[in-house]
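Q: Sequence and predicted structure below; questions after.
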Amino acid sequence: MSSDIIPIRKGEELDLTKIEAFLRSRFHDLPDAPLTAEQFSFGRSNLTYQIKIGDWEAVLRRPPLGPVAPRAHDMKREFTILKELHPHYHQAPKPYALADEHVIGSPFIVMERKRGVVLEDKFPEGVEVTKELCRNISESIVDGLVALHAVDYTKTKLKDITKPEGFLKRQVEGWINRYERAKTDDVQEIEQLKKWMMSHIPVSPEPTVVHYDFKLNNVMFTHELNELIGVFDWEMTTVGDPLADLATSLTFWIEKNDSPLIKKDENQVPITSYDGFMTREEFMEAYSRKSGRDVSNMNFYLTFAFFKLGVISQQIYYRWKKGQTQDERFKGLNRYVNNLMQYAQETARKNMYS
């Protein structure tokens, strides 16, 4: 079994009979074999599965169990995004089919299953980890983000389902509102942080496609780790400020000497802290050089990005606390939320380029 595949978690099983009937109604050349499914271990939002019928394989994505936030986990929108982007950006999986809620009670997407290496918390066995390898992986991720931001979204239907004007202001207001709806514990100085963000919104550069979750465990490399071949989790994709996308990536780019506030596990060494990986500042400089965009005002974007990550974690913790999921990974997320909000406050107080 691949290290990214696990048996399906309790309570997150699929109705394979109904899914197989749906698949056979859409694909008429499937092998004469039963449908099997396993779950991807990565991801904390939508539920993602590997499905197989004989030698045919695909990926199935569906929303999480229980009530979900308004307009979140929109399978139809994600399907449209993949359909429009894949011809221009082949790292996006090719979508095969979209099912509405009548099949298994919730909508789901069936898409291409890419094969390669996802770097979650360690390198695969047998890989010689060198500074050169780590530097090349860093460059590949920067290149992948720059290439996505170079896609001409006006040649796709994304122009019809997005609204880039006023993107950043809507984002700040929207994520503040999401936090209020999912709030459970009190966080010190959160009101000051919200006011600071609302009063420091910069003028955005020209809009681009924004993935909004472009991080190490959402991308796939060849087995040789020399090429980025897949980018996953497109549910938050839109058209807007590319620097907000860059900052979101950087919130997951942990350095060796970073504050413990943004480290989820004190006992775990993040891959991006290995010798040879770019620092966040080097990542920004490389992005600026390759994209031609000014990154001198990243202090705001990083503050907002850490706040946003805190809100996403809070939403997941809220679902756990309300009994909407039994996944024990989420039990202590409230402490991580508090740490992220503290770090966002610290980031707001300083200017990285002063």
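A: In hand now; what should we look at?
Q: Now do the buried residues in stretch 111-128.
A: When neighbours are counted by 16 or more other Cβ atoms under 10 Å, the buried residues of stretch 111-128 are found to be 111, 113-114, 117-119, 123. The C-beta positions use only the backbone N, C-alpha and C, and glycine is treated the same way.
Q: likewise stretch 273-286?
A: With burial defined by 16+ other Cβ under 10 Å, the residues of stretch 273-286 counted as buried are 273-274, 277-280, 283-284, 286.
Q: Stretch 95-114 now?
A: When burial is assessed from 16+ other Cβ under 10 Å, stretch 95-114 yields the following buried residues: 95-99, 103-104, 106-111, 113-114.
Q: Show the low-confidence segments of the stretch 1-150 of the chain, by residue range.
A: 1-3, 42-45, 66-73 (pLDDT under 70).
Q: what ranges do the strands span in it?
A: Listed in chain order, the strands found in the stretch 1-150 of the chain under DSSP state E, counting those that start in this stretch are 5-6, 35-40, 47-53, 56-62, 95-99, 108-111.
Q: quick one, domains of the chain?
A: 5-111, 131-348 (automatic domain parsing).
Q: So which of those domains is the most surrounded?
A: For these, average neighbour numbers computed from mean count of other Cβ atoms under 10 Å are highest in domain 131-348, which has a mean of 18.
Q: Next, format the buried residues of stretch 111-128 as TSV and append distance to Ala150.
A: Supplementary listing: the buried residues of stretch 111-128 in TSV, determined by distance: Cβ to Cβ, whole Å:
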residue	distance to Ala150
Met111	23
Arg113	26
Lys114	21
Val117	25
Val118	24
Leu119	24
Phe123	29
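Q: Can you get me the start-to-end distance on stretch 63-79?
A: From its first residue to its last, stretch 63-79 covers 13 Å (Cα to Cα, to the nearest Å).
Q: Repeat that for stretch 5-20.
A: With Cα to Cα applied, stretch 5-20 spans 20 Å between its terminal residues.
Q: Ile229 falls within a strand, correct?
A: Yes - the assignment for Ile229 is a strand, going by DSSP: H, G, I helix; E, B strand; the rest coil.
Q: right, and it touches His223 too?
A: No - between Ile229 and His223 there is no contact, the gap being 9.9 Å when judged by Cβ atoms under 8 Å.
Q: any shared contact partners between those two?
A: Both Ile229 and His223 are contacted by Gly116, under the criterion Cβ atoms under 8 Å, 6 or more residues apart in numbering.
Q: Show me where the stretch 1-150 of the chain has its helices.
A: In the stretch 1-150 of the chain, the helices defined using DSSP state H, counting those that start in this stretch lie at 16-26, 75-85, 131-149.
Q: which residues are in contact with the first one?
A: Under the criterion Cβ under 8 Å, 6+ apart, residues 30, 34-37, 51, 53, 60, 96-97, 99, 103-104, 108, 110 lie in contact with helix 16-26.
Q: Likewise for stretch 93-107?
A: Taking Cβ under 8 Å, 6+ apart as the criterion, the residues outside stretch 93-107 that touch it are 14-15, 18-19, 22-23, 26-27, 58-59, 62-63, 75-76, 79, 82-83, 86, 108-114, 230, 232.
Q: Show me how far it is from its chain's centre.
A: How far stretch 93-107 lies from its chain's middle: 20 Å, per Cα atoms, centre = their mean, to the nearest Å.
Q: Over to stretch 205-220?
A: Relative to its chain's centre, stretch 205-220 lies at 8 Å (Cα atoms, centre = their mean).
Q: hang on, the earlier thing: what's the closest of the buried residues of stretch 95-114 to Lys290?
A: For the buried residues of stretch 95-114, the minimum distance to Lys290 (Cβ to Cβ) is 24.1 Å, reached by Lys114.
Q: Spit out the contact partners of the residue lying closest to that closest one once chain neighbours are set aside.
A: Distances taken as Cβ to Cβ, 6 or more residues apart in numbering place Gly230 nearest to Lys114, at 4.1 Å, with adjacent residues excluded. Residues touching Gly230, when contacts are defined by Cβ under 8 Å, 6+ apart, comprise 91, 93, 114, 116, 219-220.
Q: From Ile137, how far off is Gly230?
A: Distance of Gly230 to Ile137, given as Cβ to Cβ, to the nearest Å: 14 Å.
Q: do the same with Gly174
A: According to Cβ to Cβ, Gly174 stands 32 Å off from Ile137.
Q: re the thing from before, which among the buried residues of stretch 95-114 gets closest to Gln314?
A: Ser106 (22.9 Å).
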